[in-house]
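Engineer: the following comprises the amino acid sequence and a computationally predicted model.
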Amino acid sequence: MELICPVCQHPLDRHGDNAHCETCQTDFSVEACCPDCHQPLQVLKACGAVDYFCQNGHGLISKKRVEFVLSQD
């Protein structure tokens, strides 16, 4: 999934929980949220795999359904 800069609409370079826009030199934090309740997800990492878990009753969330929210640093 490609993240787009909300400031200038160019693609962001993502590095883990952070993203950077080369065009406007803006840094962002990236947070994974549940598509059902829009609350932050717990990120589970094991054996090279990344899974997402909603602690608000929605269980495991598919990577394809995760909402990524940007906040400016």
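Structural biologist: Ah, there it is. Keep in mind that this is a model prediction, so the values were computed, not measured.
Engineer: make it CA atoms for all contacts and neighbour counts henceforth
Structural biologist: Noted.
Engineer: in this structure C33 contacts V66, no?
Structural biologist: Yes: look at C33 against V66 with Cα atoms under 8 Å: they come within range, at 6.1 Å.
Engineer: where are the low-confidence patches of the protein?
Structural biologist: Residues of the chain meeting the criterion pLDDT under 70: none.
Engineer: show me what the strand of greatest length in it is packed against.
Structural biologist: Longest among the strand segments of the chain by residue count, using DSSP state E, is strand 26-33. On a contact count with 3 or more Cα pairs under 8 Å, 6 or more residues apart in numbering; DSSP states H and E, strand 26-33 meets strand 18-21, strand 67-72.
Engineer: hmm, try it at 10 Å
Structural biologist: The elements that strand 26-33 packs onto, with contact taken as 3 or more Cα pairs under 10 Å, 6 or more residues apart in numbering; DSSP states H and E, are strand 13-15, strand 18-21, strand 42-46, strand 49-54, strand 67-72.
Engineer: beta-bridge partners for K45, please?
Structural biologist: Here K45 sits in beta bridges with V50, going by DSSP bridges.
Engineer: same question, F28
Structural biologist: Beta-bridge pairing for F28 (DSSP bridges): A19, Q72.
Engineer: how much space between it and E67?
Structural biologist: According to Cα to Cα, to the nearest Å, F28 stands 15 Å off from E67.
Engineer: number of residues surrounding G48?
Structural biologist: 5 (other Cα atoms under 10 Å).
Engineer: who are the contact partners of it?
Structural biologist: Residues near G48 by Cα atoms under 10 Å, 6 or more residues apart in numbering: none.
Engineer: for it, grab phi and psi.
Structural biologist: Backbone torsions for G48, taken as degrees, to the nearest 10, come to phi 80, psi -10.
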